[in-house]
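# Quick check, what structure comes out for this input:
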Amino acid sequence: MTEFAPPATRYFALPSPFPMHRGGVLQQARVAYETWGQLNADASNAILILTGLSPSAHAASSADDPQPGWWEPIIGPGKAIDTDRWFVVCVNHLGSCKGSTGAASIDPETGAAYRLTFPDLSVEDMGEAAYALMQGLGVSQLACLVGCSMGAMAALALLVQHPDFSRSHINACGAARALPFSIAVRSLQREAIRLDPHWQEGQYDDANYPDTGMRLARKLGVITYRSSLEWNGRFGRVRMDEVDTDTPFSAEFVVESYLDGHADRFAHFFDPNCYLYLGRAMDWFDIGEHAIDPHPQVHCEANVVAALSRTRVGKALVLGAITDILFPIPQQEEIAAGLAASGADVRFHAVPSEQGHDAFLVDHERFGALIGAFLKEIV
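Numbering: from 1, shown residues only. Here you go, the predicted structure:
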């Protein structure tokens with residue numbers, strides 16, 4: 001198993017032992033991060049970005065790593081997140097395999113990879129690790145906390161657990177709790193990996209690796225990350241120029257080839273056990289569990305609003321894509337309502353993007369304009 005960290009990655013040692021939200025501790029754990037811009041004298045210009053499930057901390061290019069980052073059009077001098085003004089930090093989530101401690105990392109107590117002995121991972125753990133990082137960098141309060149997808153979940157957990165930690169918040173395509181559809185999708189992704197005979201209860205290696213399970217999990221994920229409108233407009237029913245006629249039922253449509261390409265690139269680029277842990281952490285997440293006096297109904301919307309009313313950001317921007325089937329618009333409306341209940345000045349936008357859940361990653365013109373305009377108001 002391999003951990004995949006970009007060249008500009010830096011590492012922060014978490015407090016040891018690091019207690020986990022659902023029990024257990026980590027010893028000598030770390031998180032990977034990258035930075036852009038300069039921290040000002042009073043450490044008041046910091047922006048922390050929490051990513052989706054699979055990205056590394058390499059959100060933008062830098063002198064140390066000129067390769068474009070996953071949010072390259074959004075972060076940089078003069079861009080929506082202007083690094084001439086802001087000190088920007090992007091952290092790779094605890095539990096991931098791109099530099100931060102996760103199931104693929106070495107357990108210092110055994111000298112072997114954690115694999116399935118890694119403690120139960122929660123979204124709350126991701127938020128706490130990111131909070132510890134910023135404290136270690138000398139930042140006691142953020143100018144803005146930015147969360148995307150799974151990172152938007154972690155951002156909400158962080159803001160509930162540390163209400164005064166950020167003056168503002170941007171929540172892009174996020175959710176305050178996992179709903180049945182997204183749980184069902186991730187359950188199928190995990191099953192595809194677990195049923196691959198090469199998974200071997202998490203004891204795979206490079207020679208015996210669950211390629212098929214990872215490829216299927218990635219394909220299912222990509223299908224839900226985009227919308228039917230985009231699939232229709234981008235691929236239609238166009239057929240491939242060359243088809244493997246010797247293999248029964250082989251791919252013949254261009255959309256199938258596109259999914260194959262995504263699966264091929266991802267299968268060995270992300271550790272299967274880490275993928276399982278992160279997906280389950282998202283399924284477990286319900287910010288309503290942090291309500292002071294929770295309503296007895298499980299997963300009640302009132303609990304979500306009650307929990308988020310404990311946050312204390314002054315301004316918030318909540319963004320969703322109208323074609324997102326994985327984290328649909330009602331989930332962002334729920335977040336906006338909860339943050340508004342805290343007294344925050346909340347701006348909510350249902351962005352008319354055809355690109356589904358991944359719109360925040362690819363519809364840079366729309367999302368960038370909204371993010372840039374919001375940050376210009378932050379002092």
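# what's the burial count for Ala340?
Residues lying near Ala340 (other CB atoms under 10 Å) number 17. Where C-beta positions appear, they are placed from N, C-alpha and C, glycine not excepted.
# Kindly apply the preceding question to Glu201 instead.
Neighbour tally, Glu201, other CB under 10 Å: 8.
# What residues does it make contact with?
By CB atoms under 8 Å, 6 or more residues apart in numbering, Glu201 lies in contact with Leu116.
# for the residue nearest the centre of the chain, what are its contacts?
Among the residues of the chain, the one closest to the centroid is Gly52, at 1.7 Å (CA atoms, centre = their mean). Gly52 makes contact with 148-151, 361, according to CB under 8 Å, 6+ apart.
# can you list the domain ranges for this structure.
What automatic domain parsing lists as the domains of the chain is 10-179+285-376, 183-280.
# Check those domains for me and report the most buried one.
domain 10-179+285-376 (a mean of 21; mean count of other CB atoms under 10 Å).
# one step back: put together CSV for the domains of the chain, with mean pLDDT on each row.
Formatted as CSV, the domains of the chain follow (pLDDT from 0 to 100):
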stretch, mean pLDDT
domain 10-179+285-376, 97
domain 183-280, 95
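# that older thread, farthest pair in the contacts of Gly52?
In the contacts of Gly52, two members sit farther apart than any others by CB to CB. They are Met150 and Leu361, at 12.6 Å.
# about what we covered before: in strands only, show me the contacts of Gly52.
Taking DSSP state E as the definition of strands, the contacts of Gly52 contribute Cys148.
# Between the contacts of Gly52, which sits nearest Asp241?
Nearest member of these to Asp241, counting by CB to CB, is Leu361, at 28.7 Å.
# Which residue ranges of the stretch 201-350 of the chain form helices?
For the stretch 201-350 of the chain, the helices defined by DSSP state H, counting those that start in this stretch cover 211-225, 228-235, 254-267, 272-284, 301-308, 329-341.
# Could you dump the ones you listed into TSV and include distance to Lys315?
Output for these, formatted as TSV (distance: least, CB to CB, whole Å):
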stretch	distance to Lys315
helix 211-225	28
helix 228-235	31
helix 254-267	36
helix 272-284	26
helix 301-308	15
helix 329-341	9
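# For Gly23, find the nearest of those helices.
Closest to Gly23 of these is helix 272-284 (CB to CB; 12.6 Å).
# quick one: contacts of that closest one?
Counting by CB under 8 Å, 6+ apart, 1, 22, 53, 93, 95-97, 102-104, 114-116, 118, 121-123, 125-126, 150, 153, 178, 182-183, 186-187, 189-190, 193-194, 199, 202, 204, 209-210, 213-214, 217 sit against helix 272-284.
# same question, stretch 345-359
Identification of contacts with stretch 345-359 by CB under 8 Å, 6+ apart yields 149, 173, 224-227, 229-230, 233, 314-327, 329, 332-333, 336, 339-340, 362-363, 366-367, 370, 374.
# Try it again at 6 Å.
Outside stretch 345-359, the residues that touch it by CB atoms under 6 Å, 6 or more residues apart in numbering are 173, 225-227, 229-230, 315-324, 326-327, 329, 336, 339-340, 362-363, 366, 370.
# Off-centre distance for that stretch?
16 Å (CA atoms, centre = their mean, to the nearest Å).
# Can you measure across that stretch, start residue to end residue?
Across its full length, stretch 345-359 reaches 24 Å between end residues, using CA to CA, to the nearest Å.
# Please export the alpha-carbon coordinates of stretch 54-70; PDB is fine.
The C-alpha trace of stretch 54-70 is given here as PDB (Å, rounded to 0.1, in the frame of the first residue of the first chain):
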ATOM      1  CA  SER A  54     -10.500  12.200  -2.800                       C
ATOM      2  CA  PRO A  55      -8.400  15.400  -3.300                       C
ATOM      3  CA  SER A  56      -5.000  15.900  -1.800                       C
ATOM      4  CA  ALA A  57      -3.900  19.200  -0.200                       C
ATOM      5  CA  HIS A  58      -2.600  20.400  -3.500                       C
ATOM      6  CA  ALA A  59      -5.500  22.800  -4.300                       C
ATOM      7  CA  ALA A  60      -3.300  25.200  -6.400                       C
ATOM      8  CA  SER A  61       0.100  25.400  -8.000                       C
ATOM      9  CA  SER A  62       3.000  27.000  -6.200                       C
ATOM     10  CA  ALA A  63       6.800  27.500  -6.600                       C
ATOM     11  CA  ASP A  64       7.300  24.200  -4.800                       C
ATOM     12  CA  ASP A  65       4.900  22.400  -7.100                       C
ATOM     13  CA  PRO A  66       3.900  24.100 -10.400                       C
ATOM     14  CA  GLN A  67       1.400  21.300 -11.300                       C
ATOM     15  CA  PRO A  68      -2.100  22.700 -11.400                       C
ATOM     16  CA  GLY A  69      -4.100  22.000  -8.300                       C
ATOM     17  CA  TRP A  70      -7.700  20.600  -8.000                       C
END
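# State the distance from the spatially closest residue to Gln38 that is not a sequence neighbour to Leu50.
In this structure, Gln38 finds its nearest non-sequential neighbour in Phe87, 5.9 Å apart by CB to CB, 6 or more residues apart in numbering. Distance, Phe87 to Leu50, using CB to CB, to the nearest Å: 16 Å.
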